[in-house]
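S.K.: Got a predicted structure here, sequence first:
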Amino acid sequence: MKGRFLPVLPLLTLAVMLGPVVAGLWGTLLPAFGHLPAAGEFGPSLAPFQALGDWPGLPRAVGLSLTTGIGATVIALVIVALLTAGWSGTKPFRALERALSPLLSVPHAAAAFGLAFLIAPSGWVSRLLSPGVTGWERPPDLLIVQDQWGLAMMAGLVVKEVPFLLLMTLSALGQTDAQRSQAVAAALGYGRVTGWLKTVFPRVYAQIRLPVYVVLAYAMSVVDVAVILGPNTPPPLSVQIVKWMSDPDLAMRLQAAAAALLQLALVIAALIAWRMGEALVARLGKRWIMAGGRGRVDRAVAVTALAFGTTSALAVLMGLAVLAVWSFAGFWGFPDALPDTATLKNWMRHGPSAAGALWETALIAVTVTAAALILTLGCLEAEYRHNLSVSQRGMWLLYLPLLVPQTAFLPGLQSLLLSVGADVGIWPVMAAHLVFVLPYVFLSLADPFRAWDARVGTVAAALGASPDGVLWRVRVPMLVRPILTATAVGIAVSVGQYLPTLLIGGGRVSTLTTEAVALASGGDRRAIGVYGLLQTGAALLPFAVALAVPALLWRNRKGLRYA
Amino acid sequence: MPKGLTLDQVVITKNGAPLVALDRHIAPGEVLTVMGPSGVGKSTLLSVVTGTLASDFRATGRVVLDGQDITHLPPHQRMVGILFQDDLLFPHLSVGANLAFGLRTGGTRTDRRAKVEAALSEVGLDGFFDRDPATLSGGQKARVALMRMLLSNPCALLLDEAFSRLDTARRAQTRSLVFDRARALDLPVLMVTHDAEDAAAAGGEIVTLG
């Protein structure tokens, strides 16, 4: 880190993170108003919006985007809040905490496939209950997965967002003096849940507000989960945008761009509505506090929340299990609980092509994460050396790429790249991944990096170590564990990316995730099992390494064992 | 120019309000004790000398060490050693590697190892080279921290509540060890403490803040 290089790193980081978002929005805006020279269209005109308005599926697509997005966010937030209120610090809660990291790292697509294989009419749950409980000799003719209300899709989003919001809540709890507040409330006769909601939740929510917004924006515009679990006719708006984008007729891109702008407007409107909802809930909450109720149904609420939390965790874990079973399944007739035979044939058939996708996945993930790590360390070190501090506005910038829906700016980014002839190869895909990997790596590393005792740095400098020496010889070794965790987070985020790979790669870059989602329509469960499992492994393995390496490296260093 | 540590009309302000003002010369082998309740700016005073003043403070005046104005030197070029109330041994390094971190560069590997071993045996810690610092007792850690600092050949010594974490017996022992060493090496010592016993043991001038 040379003196002249370090101060520009924060600016470079912002450019790398926000540049593609801004460029992409610009690239969406032009064709949305009829300007796309590559397709021989010159604007401005409102024709794309007229065409969008004429599409008969529009009202339902918009409705689905709103209901599934807002619904999944509300449900996940309520489960997390009540779960933490009723159980934080108890044994069952600690069991859930331990399951958190693996649950978080499971890619959305793999979790969605797992859920589909569980709850489908011929899924594992139905097989385990048949014919004994249900009496079914063949799969019932029910549309459970891809139901027209988007319930399965909402469930798929909830099981993945619960661990994310729980993690955010746990780190917020550390800064809120929750235990003592809860003790005081208990001494005043308040039940666990009521006491927590009335005293701790307002402080916790203020801290997890931005992550909640991220969940809302994500759930409203997700593509891969919607392709796997969402309805088809019509699909949610985001899926339709991608369909139009991949239409061979370039003119369809105008319509896609108009829809992308509509998607952006929907998310902004939903965020504003959510913000107003916060104010409303706060007012109701104040009235509830004034009334002084001690909570007579706390026990029942807590038990229900635990049931939902456990089910949500089990849905992901059992989903992975059923993916594994399918990947080794020979003949598996309904309603048998397990296949007749276990075989390696599926792995041998799909292995070679999967290995290619795995290589590409790993190449992208490792390169992107390394870049994100260098930029993040550089920013944090610059902040430390030059006494910079990050304002609340800075935090918004960090969250911005996660708040702007992917479907709003990635299509525009692709059109832009196409028009300058830079839409080839793996590099643009990596740049697009970096937009999403950087914020997560930064958020994961910033707290432990800043929490490091600066007096250690003073001592090292007093002993004659230069600023670079302090960084590389003292700070980085002491922070190996959080750095590796941030690396694992970055890799997991990159492995799970669907839309950036699909759109920016122009179909020529195939990762495990794009291949797996592409299998969704075919319904070859064995192939999906192989790809889903590999995808999960690629995301999970780095977390195992992040645990194992510091344990090995510092096996004789007690002072770092729990750091 | 006179040897020793000079705080030449040092004034520290926080958001424009004056916090600490000090104008003193500490001769080699002497101890200046700064006393006062916590929060009065004692540690901030030391951070002016080490060059690690936090950004919400401003300092005016000069810090002169052995005739050289070090006011604007980066921390690692000031040759000022400091001991905090916590030992702050680097947890990822062995005891020996901690000392070698302090030892000025130069010399062969065996040479350096011998110097470190000698420093350890000077304070009764023979055979501790490969130990994990986290397994040492409080008094042992304090001695390692002292020797690590002395191996870096400092020209002045700062003590920031350096003895307040030790129990009574260890405290007197460690204190006399530190002061004896400083006197033997002719180092000017600037100590901040809130403990009257520390001040009495130092035997030098006492400045009370706040």
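M.R.: That came in fine, so what should we check first?
S.K.: all contacts plus neighbour counts: C-alpha atoms, from now on.
M.R.: Fine.
S.K.: what's A:Leu229 in contact with, if anything?
M.R.: A:112-113, A:116, A:145-147, A:150, A:152-153, A:156 (CA atoms under 8 Å, 6 or more residues apart in numbering or on different chains).
S.K.: at 6 Å what do you get?
M.R.: For A:Leu229, the contacting residues are A:145-146, A:152-153, by CA atoms under 6 Å, 6 or more residues apart in numbering or on different chains.
S.K.: do A:Val162 as well
M.R.: Residues in contact with A:Val162 (CA under 6 Å, 6+ apart) are A:Ala76.
S.K.: did I read that right, it in a helix?
M.R.: Yes - using DSSP: H, G, I helix; E, B strand; the rest coil, the assignment for A:Val162 is a helix.
S.K.: Enumerate the residues of chain B near chain A.
M.R.: B:75-76, B:80-81, B:88, B:91, B:102, B:132, B:134, B:152 (CA under 6 Å from any CA of the partner chain).
S.K.: One more pass at 8 Å, please.
M.R.: Chain B has residues B:50, B:52, B:54-55, B:75-83, B:88-93, B:101-104, B:132-135, B:148-149, B:152 near chain A, with proximity defined as CA under 8 Å from any CA of the partner chain.
S.K.: Counting only strands, which of those make the cut?
M.R.: B:80-83 (DSSP state E).
S.K.: if we can go back for a sec, wait, which of the contacts of A:Leu229 is closest to chain B?
M.R.: A:Met153 (47.1 Å; CA to the nearest CA).
S.K.: And the helices in chain B?
M.R.: B:42-50, B:95-102, B:109-122, B:138-151, B:168-184, B:196-202 (DSSP state H).
S.K.: Residues contacting the fourth one, please?
M.R.: Applying CA under 8 Å, 6+ apart, the contact partners of helix B:138-151 are A:463, B:81-83, B:87-89, B:95, B:98-104, B:119-120, B:123, B:125, B:133, B:166, B:170, B:174, B:178.
S.K.: Please, a PyMOL command that selects the buried ones among the residues you listed?
M.R.: Buried residues within those, by 16 or more other CA atoms under 10 Å in any protein chain shown, are selected in PyMOL with:
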select buried, (chain A and resi 463) or (chain B and resi 81+82+83+87+88+89+95+98+99+100+101+102+103+119+120+133+166+174+178)
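S.K.: Reformat the helices of chain B as JSON lines; add mean pLDDT.
M.R.: Formatted as JSON lines, the helices of chain B follow (pLDDT from 0 to 100):
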{"stretch": "helix B:42-50", "mean pLDDT": "93"}
{"stretch": "helix B:95-102", "mean pLDDT": "93"}
{"stretch": "helix B:109-122", "mean pLDDT": "94"}
{"stretch": "helix B:138-151", "mean pLDDT": "93"}
{"stretch": "helix B:168-184", "mean pLDDT": "91"}
{"stretch": "helix B:196-202", "mean pLDDT": "91"}
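S.K.: could those be laid out in TSV, adding distance to A:Leu344?
M.R.: As requested, the helices of chain B are arranged in TSV below (distance: least, CA to CA, whole Å):
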stretch	distance to A:Leu344
helix B:42-50	66
helix B:95-102	52
helix B:109-122	56
helix B:138-151	58
helix B:168-184	67
helix B:196-202	75
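S.K.: who's in contact with A:Val530?
M.R.: Counted by CA under 8 Å, 6+ apart, A:Val530 has contacts A:323-324, A:326-327, A:346-347, A:350-351.
S.K.: can you rerun that using 10 Å?
M.R.: By CA atoms under 10 Å, 6 or more residues apart in numbering or on different chains, the contact list for A:Val530 reads A:323-328, A:346-351, A:354, A:512, A:516.
S.K.: From these, pick the one nearest chain B.
M.R.: Looking across those and measuring by CA to the nearest CA, the closest to chain B is A:Leu512, at 38.0 Å.
S.K.: distance of the residue lying closest to that closest one once chain neighbours are set aside from A:Thr341?
M.R.: Nearest residue to A:Leu512, sequence neighbours excluded (CA to CA, 6 or more residues apart in numbering or on different chains): A:Ala357, at 5.2 Å. Distance, A:Ala357 to A:Thr341, using CA to CA, to the nearest Å: 28 Å.
S.K.: Give me the more crowded residue out of these two.
M.R.: Between A:Ala357 and A:Thr341, counting by other CA atoms under 10 Å in any protein chain shown, A:Ala357 is the more crowded of the two (23 against 10).
S.K.: and the strand or helix carrying that one, what other elements does it pack with?
M.R.: In the assignment (DSSP states H and E), A:Ala357 maps to helix A:345-385. If you count contacts as 3 or more CA pairs under 10 Å, 6 or more residues apart in numbering or on different chains; DSSP states H and E, helix A:345-385 packs onto helix A:9-32, helix A:298-327, helix A:427-451, helix A:467-469, helix A:480-496, helix A:512-518, helix A:525-553.
S.K.: Please state the offset of the longest one from the chain centre?
M.R.: With CA atoms, centre = their mean, to the nearest Å as the basis, the distance from the averaged C-alpha position of helix A:298-327 to the chain average is 18 Å.
S.K.: in that helix, what counts as buried?
M.R.: Using 16+ other CA under 10 Å as the test for burial, helix A:298-327 gives A:298, A:301-302, A:304-306, A:308-310, A:312-327.
S.K.: re earlier: output the helices and strands packed on helix A:345-385 as CSV; include the columns mean pLDDT.
M.R.: Below are the helices and strands packed on helix A:345-385 laid out as CSV (pLDDT from 0 to 100):
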stretch, mean pLDDT
helix A:9-32, 92
helix A:298-327, 94
helix A:427-451, 93
helix A:467-469, 92
helix A:480-496, 94
helix A:512-518, 94
helix A:525-553, 92
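S.K.: Just put those helices in TSV and tack on distance to A:Gly292.
M.R.: Shown next, in TSV, are the helices and strands packed on helix A:345-385 (distance: least, CA to CA, whole Å):
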stretch	distance to A:Gly292
helix A:9-32	47
helix A:298-327	14
helix A:427-451	37
helix A:467-469	56
helix A:480-496	43
helix A:512-518	51
helix A:525-553	45
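S.K.: For A:Leu388, find the nearest of those helices.
M.R.: Of all the helices and strands packed on helix A:345-385, helix A:9-32 sits nearest to A:Leu388, with 10.4 Å by CA to CA.
S.K.: Quick check: the residue of chain B nearest chain A.
M.R.: For chain B, CA to the nearest CA, closest residue to chain A: B:His76, 4.4 Å.
S.K.: Pull the number of nearby residues for that residue.
M.R.: Counted with other CA under 10 Å, the neighbours of B:His76 add up to 22.
S.K.: what do you get for the one 3 residues further on?
M.R.: Applying other CA under 10 Å, we find 20 residues neighbouring B:Met79.
S.K.: Pull up the gap between it and B:Val63, please.
M.R.: Distance of B:Met79 to B:Val63, given as CA to CA: 12 Å.
S.K.: Could you do B:Glu161 as well?
M.R.: As defined by CA to CA, B:Glu161 lies at a distance of 21 Å from B:Val63.
S.K.: Pick out whichever of those two has more residues nearby.
M.R.: More crowded of B:Glu161 and B:Val63, by other CA under 10 Å: B:Val63, with 23 against 20.
S.K.: surely that one meets B:Ser47?
M.R.: No - between B:Val63 and B:Ser47 there is no contact under CA atoms under 10 Å: 11.3 Å.
S.K.: For those two, list the residues in contact with both.
M.R.: Jointly contacting B:Val63 and B:Ser47 under the rule CA under 10 Å, 6+ apart is no residue at all.
S.K.: Any residues of chain A in contact with chain B? List them.
M.R.: Residues of chain A found near chain B (CA under 10 Å from any CA of the partner chain) are A:385-389, A:453-467, A:469-470, A:473-475, A:477-480, A:553-554, A:556-561, A:563.
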